[in-house]
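K.L.:
3D, please:
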Amino acid sequence: MHFDRTANTFQSVLFVLLSSGLVLAGCSRQAPPPPRVPQVSVVTIQPQKITLTSQLPGRTSAYRIAEIRPQVSGLILKRLFTEGSEVKAGQVLYEIDPAPFQATLDNARAALRRAEANLPSISARAQRFKELLADKAVSQQDYDDAAGAQEQIEADIASWKAQVETARINLAYTKVTAPISGRIGRSSVTDGAVVTAYQPVSLSTIQQLDPIYVDVPQSTSDLLRLRRRMEDGHLNRDGGDQNKVSLVLEDNSSYPQEGTLQFRDVSVDPTTGSVILRMVFPNPKGVLLPEMFVRALVKEGVNEQAILVPQQGVLRNPKGEPYAMVVDGAGKVDMKMLTLEREIGDKWLVTAGLAAGDRVIVEGVQVLQMLRPGASVTVKAEPFKEGGSPPPAAVSQPATAAK
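P.N.:
Have a look, this model is predicted:
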């Protein structure tokens, strides 16, 4: 009997426990916990004014170059400059032996004086014959001979004057002077060398480096894109400052002097499909040397209503097309396809797809890829808003992959 009561009690307890478990299980199936709404961070897009600036590679070139060649043949007596130094226009660089040229000048001057000495007597004779001819005292032939002799001596005087001037010029050419101011390179001859007039090999080269040119190529596709942007009203020129250019050196340091855009070449290089932009930079300290590689920051124009979006907020679909996930006023996620023009710092410049007031999700890439259009999200407090005070210039390279 005691065993039967114990068994019955155990069965009752087991039945109660099983019944409670079934009830709890049924309750859990009927009331599952609500799904967790993801939290996202967003930025609110606001148009802003930015100056678009392209960074173009290029090289420096001398402002003026003068190759020094002798204008007379002779023996170099002295070299009168230090290689690599600064020279002034008109400074004597080489001295050619002047002795033969001085002798030629002296000979021409003597011949001129001889001709000038004969002129008075011949002129007087011609004048007397002219007077006698009126009285029939001399023949017409005698007068013609006297007049011809006068004209011949006058022509000789003019010829010798020209030869004197030529000899004087050649004598002056024995002092080879600098045609421009600048820095002179190495000398190809030494004292005692024999040179010839206008020889193909220059004696030395002078380069004017202050100011200095910077030549950079710009593709014709970029020129056409900028023209279309200005015609559409997306860009405008910013007055006289538009021609101001900055420079970045090979060590990524900024050149302290600002340059000026001089012109765009009118011919396209068929091998590269680009035109040359020439700029002029002051170079008082000689930091820039010819053929130095530099990067020029060229102002394209001002975009009054630029839309920038952080790069972490832009994704790409399997086709490589860029898009962004935005949150509407009801907390729903929507996908917007974008048209990107270029990178500007850590942002993309958007030309189509976003408008002022759009809230773009900028959470991590993993969170963005898990979101789907129509999903509900909770917006965290915005870390910052696009807009505010933009940088004075947006330095960028055109985005080749952006569509």
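K.L.:
Do a quick rundown of the helices in the stretch 151-300 of the chain.
P.N.:
Counting by DSSP state H, counting those that start in this stretch, the stretch 151-300 of the chain has helices at residues 220-231.
K.L.:
swap that for the stretch 301-403 of the chain, please
P.N.:
Under DSSP H, counting those that start in this stretch, the stretch 301-403 of the chain gives helices at 365-370.
K.L.:
any weak-confidence spans in it?
P.N.:
Residues of the stretch 301-403 of the chain meeting the criterion pLDDT under 70: 364-369, 381-403.
K.L.:
same check, this time on the stretch 101-250 of the chain
P.N.:
Applying pLDDT under 70 to the stretch 101-250 of the chain picks out residues 226, 229-242.
K.L.:
What segments of it are strands?
P.N.:
For the stretch 101-250 of the chain, applying DSSP state E, counting those that start in this stretch gives strands covering 175-177, 182-184, 194-195, 204-219, 244-248.
K.L.:
can I get these in TSV with mean neighbour count and distance to residue 284?
P.N.:
C-betas here are computed from N, CA, C, even on glycine. Converted to TSV, the strands of the stretch 101-250 of the chain look like this (neighbours: other C-beta atoms under 10 Å; distance: least, C-beta to C-beta, whole Å):
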stretch	mean neighbour count	distance to residue 284
strand 175-177	17	25
strand 182-184	21	13
strand 194-195	16	35
strand 204-219	20	6
strand 244-248	20	14
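K.L.:
Looking at those, spot the one closest to residue 269.
P.N.:
strand 204-219 (7.2 Å; C-beta to C-beta).
K.L.:
Direction included, what does that closest one pair against?
P.N.:
Strand 204-219 has the following strand partners under DSSP bridges: strand 48-68 (antiparallel), strand 182-184 (antiparallel), strand 274-281 (antiparallel).
K.L.:
quick one: which of these is nearest residue 137?
P.N.:
Of all these, strand 48-68 sits nearest to residue 137, with 65.7 Å by C-beta to C-beta.
K.L.:
Please find the angle between the direction vectors of that closest one and strand 244-248.
P.N.:
80 degrees (axes from the mean of the first three to the mean of the last three C-alpha atoms, to 10 degrees).
K.L.:
what's the average pLDDT for strand 48-68?
P.N.:
The average pLDDT within strand 48-68 is 89.
K.L.:
In that strand, which residues are buried?
P.N.:
48, 50-54, 56, 58, 60-63, 66, 68 (16 or more other C-beta atoms under 10 Å).
K.L.:
now do stretch 317-329
P.N.:
Judged by neighbour count (16+ other C-beta under 10 Å), stretch 317-329 contains these buried residues: 322, 324-327.
K.L.:
Would you mind putting these into TSV with distance to residue 82 alongside?
P.N.:
Formatted as TSV, the buried residues of stretch 317-329 follow (distance: C-beta to C-beta, whole Å):
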residue	distance to residue 82
322	60
324	64
325	69
326	69
327	72
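K.L.:
of all the residues you listed, which comes closest to residue 338?
P.N.:
Nearest to residue 338 among the buried residues of stretch 317-329: residue 322, at 4.5 Å, using C-beta to C-beta.
K.L.:
In this model residue 341 seems to touch the closest one, though I could be wrong.
P.N.:
No. Using C-beta atoms under 8 Å, residue 322 makes no contact with residue 341, being 11.1 Å away.
K.L.:
Flag every buried residue along stretch 252-259.
P.N.:
Buried positions in stretch 252-259, judged by neighbour count with 16+ other C-beta under 10 Å: 255, 257, 259.
K.L.:
what's across from the closest residue to the last one other than its chain neighbours in the sheet?
P.N.:
I take that to be residue 259. Closest residue in space to residue 259, ignoring its immediate chain neighbours: residue 281 at 3.7 Å, by C-beta to C-beta, 6 or more residues apart in numbering. For residue 281, the beta-bridge partners are residue 212 (DSSP bridges).
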